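1. Any chance you can model this:
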Amino acid sequence: MTATETITPAGAKVAGRGGPWRAGLAETMRLAAPMALIQLGQIAMMTTDLMLIGRLGDAALAAAALAHTVLFAAFTIGMGIVSAVAPLAAQGYGAREPRMVRRALRVGLWAALLLGVPGTLVQFWGEAILIALGQAPEAAALAGRYLAGMAWAILPAWTFIALRNFMGAVNRPEPALWITLVAIPVNAGLSYALIYGAFGLPALDLMGAGLATAVVDVGMCAAAIWIAYTRHPFKKYRVLGRFWRHRREGGDWQLLAKLVVIGLPISGALLLEYGLFAAAALLMGRISMSAVAAHQIALQVAAILYMVPFGIATAATVRVGQAVGRRDATATRRAGFVALGLGVTFMGAMTLIVALARHAIPHLFLGAEAPQSADTIALAATLLVLAASFFITDGAQTVAGGALRGLNDTRVPLLFSAFSFWAVGFLSSLWLGFPMGFGAVGVWIGLSLGTAVYAGLLVWRFHLLTARGYLPAVPGT
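-> Sure, this is the predicted structure:
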């Protein structure tokens, strides 16, 4: 083997003039592109739903926002746990242990089923939960209707996440992308029909929007199961074989516990981050309604851009996990830093584009002619410039977190997130926004500081672990 060749987990040679770093970059990009597009597809479906709901009026749109608050809290817990399928399956793949790959997916599906029942039931109590949190009964009732339909989406959505992580772990993420691309127009048509009553279907307003999402998620889940069970190369793993059969000697319950130990801190970190931005919105509400609107515009731009580094982060989890399975410490470190460089480069380019288009972007949300929104447009443009450092560090923390997940390292990053987002981010936003008198600008400087600290800590953690050749034990090997 020459110095410009690397070996994939499947044993195939990958050549490149730039050596293993260039080959690693190519492989990371090949994995990250479909994973990022899947996330953008999810955002597209959510945005379509909100646009259709918005035609029902401000009350319906506000109710949908309240419903998503209840839904997100429950959904994130399961999402983090089933996301742990990716590092465990990737490690099994790298170790050339197909049984371990199957078992990682199986316990992920077990977790989705075990958590899916209570997660679904909680949504039917959404109206009561929102009233207990001080929301108006009318808004809570509307949100309850939306959740009554959306509740059925939780279990199939978690199952699809587990399956797409399995597909990515074996270097074949494309089928999950094709499923998502087909789902986007189907979701739009079904949502329209069930919200407004078209094509012979009843008009169910908000409940129809929730039901449409649930039906589409069930279809995506069924398609992913069929592909994983019948199509090459997935069928050789026999993903549904002996699904309910517990192997005492194989330690399936121990592997399920390992999944939870890795995945639950992922959920916790996501909730801490979500809580910070929810708190920032409340701080903006103390400033002005223009500040709230400008904050939401800047945050929505950040959310769209975030999907690409999120896809790169998933690829980093897979690449690092596969190198761990091969017991290759050098490749483990290289895979993480290649992904990190890719994520930072992309977000740097996007930051430049956003800065140049900062005056035009707010008009996409508020309309081409919006003289009554002049203050909001001006403030949003300012926040988008301030977000320059935020976008880059947000991409860095996302990818670094994905690389650490490939090392099964999620508990220390959870502690980092609590310190960075709340001790640094929230307190800085509060202090700069109010005692220092910077208002909305101060709040966003605080958010940027918190994210920068988190990114720095995660990158330092990955460097520290990989510099000394740390490789976690691979379960089942």
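2. burial count for A257?
-> 12 (other CB atoms under 10 Å). Just so you know, the C-beta spots here come from the backbone N, C-alpha and C atoms, and that holds for glycine as well.
3. hmm, I was thinking of G311
-> If you count neighbours by other CB under 10 Å, G311 ends up with 27.
4. What distance do you get for it to L37?
-> 7 Å (CB to CB, to the nearest Å).
5. Check A269 too.
-> 24 Å.
6. Which one of those two is surrounded by more residues?
-> The neighbour comparison of A269 against L37 (other CB under 10 Å) goes to A269, with 25 against 20.
7. how about the more buried one, what does it touch?
-> Neighbouring residues of A269 by CB atoms under 8 Å, 6 or more residues apart in numbering: 80, 401, 410, 413-414, 417.
8. Show me what counts as buried in the strand or helix carrying L50.
-> Using DSSP states H and E, L50 sits in helix 19-54. Within helix 19-54, the residues scored as buried using 16 or more other CB atoms under 10 Å are 20, 22-25, 27-28, 31-42, 44-45, 48-49, 52-53.
9. what residues are up against M150?
-> 67, 71, 123, 209-211, 213-214.
10. Mind doing that once more with 6 Å?
-> Applying CB atoms under 6 Å, 6 or more residues apart in numbering, we find M150 in contact with 210, 213.
11. Could you do A140 as well?
-> 127, 130-131.
12. I287: what secondary structure?
-> With DSSP: H, G, I helix; E, B strand; the rest coil as the basis, I287 sits in coil.
13. Report the separation between it and G116.
-> 40 Å.
14. what do you get for A128?
-> 21 Å.
15. got it, and I227?
-> Counting by CB to CB - I227 and G116 are separated by 21 Å.
16. same question, R333
-> For R333, the distance to G116 - CB to CB - is 37 Å.
17. for the contacts of A140, which one is nearest L264?
-> L130 (25.5 Å; CB to CB).
18. The closest one: what's its closest spatial neighbour, skipping adjacent residues?
-> A140 (3.9 Å; CB to CB, 6 or more residues apart in numbering).
19. Quick check: mean pLDDT of the host helix or strand of the one you found?
-> Using DSSP H and E, A140 sits within helix 137-150. Averaging pLDDT along helix 137-150 gives 91.
20. Hey, what's the angle from that helix to helix 19-54? Just curious.
-> Relative orientation of helix 137-150 versus helix 19-54 (axes from the mean of the first three to the mean of the last three CA atoms, to 10 degrees): 130 degrees.
21. List the buried residues of helix 137-150.
-> 139-150.
22. Using CSV, write out every CA atom in that helix.
-> Extracted C-alpha coordinates of helix 137-150, given in CSV (Å, rounded to 0.1, in the frame of the first residue of the first chain):
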residue,chain,number,x,y,z
PRO,A,137,-57.2,28.4,27.7
GLU,A,138,-58.1,29.3,24.1
ALA,A,139,-54.5,29.0,22.8
ALA,A,140,-54.0,25.9,24.8
ALA,A,141,-57.1,24.3,23.3
LEU,A,142,-55.9,25.0,19.8
ALA,A,143,-52.4,23.7,20.6
GLY,A,144,-54.1,20.6,22.0
ARG,A,145,-55.8,19.9,18.7
TYR,A,146,-52.5,20.1,16.9
LEU,A,147,-50.8,17.8,19.4
ALA,A,148,-53.7,15.3,19.1
GLY,A,149,-52.7,14.7,15.5
MET,A,150,-49.0,15.2,15.9
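23. Please list the residues outside the following helix or strand past that helix that contact it.
-> Downstream of helix 137-150, the next assigned helix or strand under DSSP H and E is helix 154-169. For helix 154-169, contacts defined as CB under 6 Å, 6+ apart pick out 78, 82, 85-86, 89-90, 93, 105, 108-109, 112, 116, 119-120, 173, 175-176, 217-218, 220-221, 224, 228, 318.
24. next helix or strand past helix 154-169?
-> Next along from helix 154-169, by DSSP H and E: helix 174-196.
25. Alpha carbons only: can I get that next one in CSV?
-> The C-alpha trace of helix 174-196 is given here as CSV (Å, rounded to 0.1, in the frame of the first residue of the first chain):
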residue,chain,number,x,y,z
GLU,A,174,-28.6,7.9,0.3
PRO,A,175,-31.8,5.9,0.8
ALA,A,176,-32.8,8.0,3.8
LEU,A,177,-32.3,11.1,1.6
TRP,A,178,-34.5,9.8,-1.3
ILE,A,179,-37.2,9.0,1.3
THR,A,180,-37.0,12.5,2.7
LEU,A,181,-37.1,14.1,-0.8
VAL,A,182,-40.2,12.2,-1.7
ALA,A,183,-41.8,13.0,1.6
ILE,A,184,-41.5,16.8,1.1
PRO,A,185,-44.2,17.2,-1.6
VAL,A,186,-46.3,14.5,-0.2
ASN,A,187,-46.3,16.3,3.2
ALA,A,188,-47.2,19.6,1.5
GLY,A,189,-50.2,18.1,-0.4
LEU,A,190,-51.5,16.0,2.5
SER,A,191,-51.2,18.9,5.0
TYR,A,192,-53.1,21.2,2.6
ALA,A,193,-55.8,18.7,2.1
LEU,A,194,-56.3,17.9,5.8
ILE,A,195,-56.1,21.5,7.0
TYR,A,196,-58.5,23.0,4.5
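26. Whichever helix or strand comes after that helix: which residues count as buried?
-> Per DSSP H and E, helix 174-196 leads on to helix 205-230 as the next helix or strand towards the C-terminus. Buried positions in helix 205-230, judged by neighbour count with 16+ other CB under 10 Å: 205-221, 223-225, 227-228.
27. For helix 205-230, name the packing helices and strands.
-> If you count contacts as 3 or more CB pairs under 6 Å, 6 or more residues apart in numbering; DSSP states H and E, helix 205-230 packs onto helix 137-150, helix 154-169, helix 174-196.
28. go again using 7 Å as the cut-off
-> Where contact means 3 or more CB pairs under 7 Å, 6 or more residues apart in numbering; DSSP states H and E, helix 205-230 is packed against helix 19-54, helix 58-83, helix 137-150, helix 154-169, helix 174-196.
29. Quick one: distance of that helix to the chain centre.
-> 18 Å (CA atoms, centre = their mean, to the nearest Å).
30. Tell me what angle it forms with helix 174-196.
-> 160 degrees.
31. Give me the angle between helix 205-230 and helix 154-169.
-> 40 degrees.
32. got the angle for helix 205-230 vs helix 58-83?
-> Using the same axes, to 10 degrees, helix 205-230 lies at 20 degrees relative to helix 58-83.
33. ok, of the buried residues of helix 137-150, which one's closest to V443?
-> Nearest member of these to V443, counting by CB to CB, is A139, at 25.4 Å.
34. mind checking how far the closest one is from L299?
-> Taking CB to CB, one finds A139 at 22 Å from L299.
35. any idea of the mean pLDDT for stretch 234-248?
-> 74.
36. How about stretch 376-383?
-> Per-residue scores along stretch 376-383 average to 86.
37. who touches that stretch?
-> If you take CB atoms under 7 Å, 6 or more residues apart in numbering as the criterion, stretch 376-383 is touched by 290-291, 293-295, 297-298, 358-359, 362-363, 366, 370, 440-441, 444.
38. can you rerun that using 6 Å?
-> 290, 293-294, 297-298, 358-359, 362, 440, 444.
39. ok so, going back, please check the contacts of A140 and keep the buried ones.
-> The buried subset of those (16+ other CB under 10 Å) comprises 127, 130-131.
40. Only the buried residues of stretch 65-74, if you could.
-> Quick answer for stretch 65-74 (16+ other CB under 10 Å): 66-71, 73-74.
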